[in-house]
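J.: make a model of this:
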Amino acid sequence: MLGALAGDIVGSVYEWNNIKTTSFPLFQDQCRFTDDTVLTVALAEAIMSGEPYAQVMRRYYRRYPEAGYGKNFALWAASADAAPYHSWGNGSAMRIAPAAWAFDSLDEVLRRAEEYTLPTHGHPEGVKGAQATAAAIFLARSGADKEEIRHFISGRFGYDLSRSCDEIRPGYRFDVSCQGTVPQALAAFFDSEDFEDALRLAVSLGGDSDTLACITGGIAQAFYGGVPGAIASCTLGFLDEPLRRVTLEFEARFVAGKST
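T.: Here you go, the predicted model:
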């Protein structure tokens with residue numbers, strides 16, 4: 001899941017200041033982790049501890065109240081018993097990477113992705129976005145090539161994955177929906193040559209850049225066999241001690257040695 005955190009941090013400075021190029025400093029002093037990282041690490045902790053994910057998310061929200069959550073999520077997290085808020089937002093996809101590493105069959109990954117999405121995202125598009133992202137990561141870490149991943153995701157979830165980044169970029173604008181984020185994040189992965197290139201392509205699309213790069217980074221880590229050492233070190237350096245500890249424990253238990 002470290003690749004997802006790297007994408008979030010790299011993209012964080014461009015969420016409200018979009019760029020349309022792959023030429024930019026990968027890490028800057030202004031970079032930070034956002035709610036994408038917080039809720040991804042929260043899922044990792046929930047999987048390792050066995051606690052209900054909703055309970056862990058609420059605890060992480062209280063611990064990191066200024067991470068940049070959406071309004072509906074913040075209202076949900078501040079209540080002890082709020083129902084799902086029928087969201088189709090891309091938050092379900094950006095936080096799901098740990099589910100794709102912790103379980104060892106595609107059917108189980110898809111089932112768990114839905115389970116971890118439903119506490120907040122009750123809309124079918126929210127579930128679909130999470131499942132598509134988790135499936136892409138699982139298939140990538142299981143040795144599928146890009147065309148196999150493209151074929152499965154487009155066939156199972158109905159996303160149009162025919163457009164390249166160069167085709168998407170000129171008209172793409174800020175979009176917080178799963179249907180307006182997940183296919184674009186996948187395009188950045190499909191067009192990439194390596195892990196860093198995947199992050200750069202995702203950010204270059206504009207839009208919700210931290211979430212785009214978070215989703216792309218999670219898939220790219222699985223496909224390219226890990227996160228390059230320098231990027232991994234910088235990513236961990238932006239985390240506080242509790243987030244770093246959970247991330248490293250999860251990576252050691254579930255990720256090390258699994259990617260092809």
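
J.: contacts for the one helix or strand in the chain whose mean pLDDT sits lowest?
T.: Scoring the helices and strands of the chain by mean pLDDT, DSSP states H and E places helix 71-77 at the bottom, with a mean of 95. Applying C-beta atoms under 8 Å, 6 or more residues apart in numbering, the contact partners of helix 71-77 are 35, 57-58, 61-62, 69, 82, 84-85, 87, 89, 91, 120. From N, CA and C alone the C-beta is placed, and that goes for glycine too.

J.: what's the following helix or strand after the longest helix along the chain?
T.: Using DSSP state H, we find that the single longest helix of the chain is helix 124-141. Using DSSP states H and E, the next helix or strand after helix 124-141 towards the C-terminus is helix 146-157.

J.: how distant is that next one from the center of its chain?
T.: 18 Å (C-alpha atoms, centre = their mean, to the nearest Å).

J.: go on, stretch 107-114?
T.: That offset, for stretch 107-114, works out to 16 Å (C-alpha atoms, centre = their mean).

J.: buried residues in it?
T.: Residues Val109, Leu110, Arg112, Ala113, Glu114 are the ones in stretch 107-114 that count as buried (16 or more other C-beta atoms under 10 Å).

J.: again, but for stretch 218-229
T.: Gly218, Ile219, Ala220, Gln221, Ala222, Phe223, Tyr224, Gly226, Val227, Pro228.

J.: do stretch 237-246 as well
T.: Quick answer for stretch 237-246 (16+ other C-beta under 10 Å): Phe238, Leu239, Leu243, Arg244, Val246.

J.: picking that back up, what's the closest of the buried residues of stretch 107-114 to Phe250?
T.: Among the buried residues of stretch 107-114, Arg112 lies closest to Phe250 (C-beta to C-beta), at 14.5 Å.

J.: could I get the buried residues of stretch 218-229 as TSV with distance to Phe250, pLDDT and secondary structure?
T.: Below are the buried residues of stretch 218-229 laid out as TSV (distance: C-beta to C-beta, whole Å; pLDDT from 0 to 100; DSSP: H, G, I helix; E, B strand; the rest coil):
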residue	distance to Phe250	pLDDT	secondary structure
Gly218	13	98	helix
Ile219	17	98	helix
Ala220	18	98	helix
Gln221	13	98	helix
Ala222	14	98	helix
Phe223	19	98	helix
Tyr224	19	98	coil
Gly226	14	97	coil
Val227	13	98	coil
Pro228	19	98	coil
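
J.: and which of those residues is nearest Phe103?
T.: Of the buried residues of stretch 218-229, the one sitting nearest to Phe103 (C-beta to C-beta) turns out to be Ala222, at 13.4 Å.

J.: that closest one contacts Val109, doesn't it?
T.: No. Using C-beta atoms under 8 Å, Ala222 is not in contact with Val109, being 11.5 Å away.

J.: what do the two both touch?
T.: By C-beta under 8 Å, 6+ apart, Ala222 and Val109 have these common neighbours: Ala100, Phe138.

J.: ok, of the contacts of helix 71-77, which come out buried?
T.: If we count by 16+ other C-beta under 10 Å, the contacts of helix 71-77 have these buried: Asp35, Met57, Arg58, Tyr61, Tyr69, Ala82, Pro84, Tyr85, Ser87, Gly89, Gly91, Thr120.

J.: export the residues you listed to a markdown table and tack on pLDDT and distance to Leu205?
T.: Listed next are those as a markdown table, based on pLDDT from 0 to 100; distance: C-beta to C-beta, whole Å:
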| residue | pLDDT | distance to Leu205 |
| --- | --- | --- |
| Asp35 | 98 | 20 |
| Met57 | 98 | 27 |
| Arg58 | 97 | 32 |
| Tyr61 | 98 | 28 |
| Tyr69 | 96 | 23 |
| Ala82 | 87 | 32 |
| Pro84 | 91 | 29 |
| Tyr85 | 91 | 27 |
| Ser87 | 94 | 22 |
| Gly89 | 96 | 18 |
| Gly91 | 96 | 18 |
| Thr120 | 96 | 25 |
